[in-house]
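**Student:** Just a sequence and a predicted model for now, questions to come.
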Amino acid sequence: MADQPVQRRAPAIVAGLKRAGITLVSTLPDAWLGGLIGELDADPEMTLIRVTREDEGLGICAGAFLGGRPAALLAQNAGLLLSTNVVAGLAFHHQVPALLLIAQRGDAGDNQYYHAYKGRVTEPVLSAIGVPHHRVEGPEDFHLFEEAWMQSRMCRMPVVLLLTRRALHDDAE
Amino acid sequence: MLKRDRVGGLIRKHLTEDALVIGGLGSAGRTWREQLAPHASYYASDPMGLGLTMALGLALAQPSRQVFYLGGDGDLVMNLGGLLTVVGSGVRNLKIGIFDNRRYETGGGQSLAGADHYSLAGIARQAGFPYAVAADSDDNLEDLIKEFLAQPGLAFVAFRIVIEASPYGPPPVWSQAEDRAVFMRKLAGEI
């Protein structure tokens, strides 16, 4: 299984973001996300902001919401774990929504030892801090882009979509 | 060396009234709050390190408005890479003022890592800010602030601040979420 597989699902994911009204995305790359980042970068309707740490992207999401513009962060679960304090601060202190699109590295199908621990701890950490999260296993779950953003707005807190390898890539089918 | 209240007062005087303001946590935010400025203002509070990119997000969402961020140096260096993010975003409607006293004032006055070995304005210049200066004298401060705020694009000033105690005030009446709702409704013209 290649580590940087084809990402023909990217256009459908971008379409899902647009259905949710999200045209501002901050990102820090992961090998699973390269095609999606390229798709966002090439789309004139989307604004893609490259950050140096994932929590900067959460700041951008918060500021954009203050200004009336829905926004998302696209990153690996390592960045989500790094940003746990910020996610909790946005959820419970500022009470602002944000859509977090997170590559769920270390999940079934990941072939790198150094990602394995992230797959074990990401969901328990999100449960511990009380932030809603959903697994996106494949295109059958792409309705979640709109629904998770709605949940985020209604709850006034970030909602995390954990993108599995199959959700991002179709080369295994 | 400059006093926080003097800097805050001059910024209030020369910042256009339709500008939006993000105040950082600690003494920088308190200084702006004490100006009782008419500008729609929100305070980044905790988590520390988030203020700069919160201001960037607001500027991206409101491209027709000027956004001014007033933060502290400890807050800035917690996410110093944010300067690269700001420059890389291509945003033009953001002005950044940093209180540079090289210590964590609210936390008890402890020194920043590397204090007195760096120049924040130099770092910003090298990060690609088209305008990045240090202000350390009251003699030309008002002219410098006018020049800073008149820049057509991204601009950065590090204000060299004297050591002044800035203790916590009493518990605020309104929560962060309540303040956020007021800011957003003010921006929407509802109040």
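**Tutor:** Thanks, I have it.
**Student:** And for A:N111, the neighbour number?
**Tutor:** 10 (other CB atoms under 10 Å in any protein chain shown). Bear in mind the C-beta positions are built from the backbone N, C-alpha and C, glycine included.
**Student:** Now do the contacts for the closest residue to A:A72 other than its chain neighbours.
**Tutor:** Leaving aside its sequence neighbours, A:A72 sits nearest to A:L99 (CB to CB, 6 or more residues apart in numbering or on different chains; 4.1 Å). Each residue near A:L99 by CB atoms under 8 Å, 6 or more residues apart in numbering or on different chains is listed here: A:17, A:20, A:22, A:61, A:70-73, A:145, A:148-149, A:152, A:158-159, A:161.
**Student:** Please repeat the previous calculation with a cut-off of 6 Å.
**Tutor:** A:A72, A:W149, A:S152 (CB atoms under 6 Å, 6 or more residues apart in numbering or on different chains).
**Student:** now B:V7
**Tutor:** B:F159.
**Student:** Can you report phi and psi for the residue most central in space within chain A?
**Tutor:** By CA atoms, centre = their mean, chain A has its centre lying nearest to A:L101, at 0.8 Å. With angles defined as degrees, to the nearest 10, A:L101 sits at phi -100, psi 110.
**Student:** Report the secondary structure element holding the residue nearest to A:A72.
**Tutor:** strand A:98-103 (DSSP states H and E).
**Student:** which neighbours does that strand have in its sheet, and in what orientation?
**Tutor:** Using DSSP bridges, the strands paired with strand A:98-103 are strand A:71-76 (parallel), strand A:158-163 (parallel).
**Student:** The last one: how far from the chain's middle?
**Tutor:** What it means is strand A:158-163. Chain-centre distance of strand A:158-163: 5 Å, with CA atoms, centre = their mean, to the nearest Å.
**Student:** picking that back up, what are the bridge partners for the residue nearest to A:A72, then?
**Tutor:** A:A72, A:V159.
**Student:** how far away is the residue of chain B most remote from its centre from B:D179?
**Tutor:** The centre of chain B is farthest from one residue, B:E190, which by CA atoms, centre = their mean lies 26.0 Å away. From B:E190 across to B:D179, the span is 15 Å (CB to CB, to the nearest Å).
**Student:** What is the burial count for A:A167?
**Tutor:** Neighbours around A:A167, by other CB under 10 Å: 25.
**Student:** which residues does it contact?
**Tutor:** Per CB under 6 Å, 6+ apart, neighbours of A:A167: A:V136, A:E137, A:G138.
**Student:** could you list every residue that touches the residue most central in space within chain B?
**Tutor:** Closest to where the C-alpha atoms of chain B average out (CA atoms, centre = their mean) is B:L70, at 1.2 Å. By CB under 6 Å, 6+ apart, B:L70 lies in contact with B:G23, B:A28, B:W32, B:G97.
**Student:** surely A:V51 meets A:S26?
**Tutor:** Yes - counting by CB atoms under 6 Å, A:S26 is a contact partner of A:V51 at 5.1 Å.
**Student:** where do the contact lists of these two overlap?
**Tutor:** By CB under 6 Å, 6+ apart, the residues touching both A:V51 and A:S26 are A:G57.
**Student:** which strands and helices sit next to the lengthiest helix in chain A?
**Tutor:** Using DSSP state H, we find that the single longest helix of chain A is helix A:113-129. Here helix A:113-129 touches helix A:77-82, going by 3 or more CB pairs under 6 Å, 6 or more residues apart in numbering or on different chains; DSSP states H and E.
**Student:** where does chain A have low pLDDT?
**Tutor:** Along chain A, the parts satisfying pLDDT under 70 run over A:1-6, A:171-173.
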